[in-house]
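Student: One predicted model, sequence on top.
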Amino acid sequence: MTEKYFKQELFPTIWCAGCGIGLAVKETAKAFKELGLDNNQISIVSGIGCSGRAAGYFNMDTIHGCHGRAIPVAEGLKRANPKLNVIVFSGDGDIVGIGGNHLIHSPRRDTDITVICINNQTYGLTGGQLAPTSAEGAVTMTSPFGSKYHPVNIQGLILANKRFFYARTTVFHIDHMRKCIKEAMQFKGFSFVEIITNCVETYGKRQGYNNAYEMLMDYKKNFKMASGKDRLEDNEIGIVRKE
């Protein structure tokens, strides 16, 4: 059972009905269990945003840091206590947007931390503004006529380094999600898991979805499993690594 990893008195969570963050949180806890980790062996760091609220629900030492600064805080924590399993659990706006500079340099330093990036393609907590990860043509609060910009290539930032672990998965593919998190935590060095996550209220409905189910079915339809590749295509989920 995974109950020991959570502060039960804080449930139900603050997230909107249909939000995919809860699925990612649940599978992260399952990964802890399957790896046989005790609460005092793990520390979770988050930044600001919907996903950043996750740290407070875990029943272990956690840090709710400043916007965009989760990764350097996690690096400092790991260097201070190398025995800890240090996890960054935060959103694309926090990690890729506000904290993008740290995402360039932390993989280069190759500190042994695992970054779980909840990529819902928007700044959900503040109303649904255009994010660096928003799809080209995406209708958001700040791009009402559709985004003119191609989303940032997260995979490219990670693969530019000498050693790397990059995984892409979705909240529909829950077994694959848990596998990605487990293997990332077992990788000795900087590891990054991008979880494509549905935000129906501030992103999905603006793209024409009626509910979270429709978004999940799109993930099922559009993302294909890949293995043994040097780089994932935009519609592929899988793991790319170089020791």
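Tutor: Good, I have the coordinates.
Student: Name the nearest residue to residue 216, sequence neighbours excluded.
Tutor: Counting by C-beta to C-beta, 6 or more residues apart in numbering, residue 216 lies nearest to residue 172, which is 4.7 Å off, once chain neighbours are set aside. Glycine gets a C-beta too; all of them are placed from N, C-alpha and C.
Student: Please report how far the one you found lies from residue 63.
Tutor: Distance, residue 172 to residue 63, using C-beta to C-beta, to the nearest Å: 30 Å.
Student: Going along the chain, name the helices of the protein.
Tutor: If DSSP state H is used as the criterion, the helices of the chain fall at 21-34, 70-80, 92, 100-109, 154-159, 174-186, 212-222.
Student: quick one: which of those helices is nearest residue 194?
Tutor: Counting by C-beta to C-beta, residue 194 lies closest to helix 154-159 out of those; the figure is 5.6 Å.
Student: Enumerate every residue touching residue 123.
Tutor: 49, 93, 97, 129-131 (C-beta atoms under 8 Å, 6 or more residues apart in numbering).
Student: And residue 94, by the same measure?
Tutor: 46-49, 51-52, 67-68, 70.
Student: Let me see the ranges of the strands in this structure.
Tutor: With strands called from DSSP state E, the chain shows them at 42-46, 61-64, 85-91, 114-119, 122-123, 129-130, 164-170, 191-196, 224-225, 236-242.
Student: Including mean pLDDT and distance to residue 218, could those go into TSV?
Tutor: Output for the strands of the chain, formatted as TSV (pLDDT from 0 to 100; distance: least, C-beta to C-beta, whole Å):
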stretch	mean pLDDT	distance to residue 218
strand 42-46	98	27
strand 61-64	96	31
strand 85-91	98	20
strand 114-119	98	14
strand 122-123	96	16
strand 129-130	96	20
strand 164-170	98	9
strand 191-196	98	10
strand 224-225	98	13
strand 236-242	98	13
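Student: can you redo those strands as CSV with distance to residue 8?
Tutor: Below are these laid out as CSV (distance: least, C-beta to C-beta, whole Å):
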stretch, distance to residue 8
strand 42-46, 17
strand 61-64, 15
strand 85-91, 19
strand 114-119, 22
strand 122-123, 30
strand 129-130, 34
strand 164-170, 27
strand 191-196, 24
strand 224-225, 34
strand 236-242, 32
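Student: what about residue 227, how many residues close to it?
Tutor: 9 (other C-beta atoms under 10 Å).
Student: right, and it touches residue 240 too?
Tutor: No - the pair formed by residue 227 and residue 240 falls short of the contact definition of C-beta atoms under 8 Å, at 9.7 Å.
Student: No further queries at this time; thank you.
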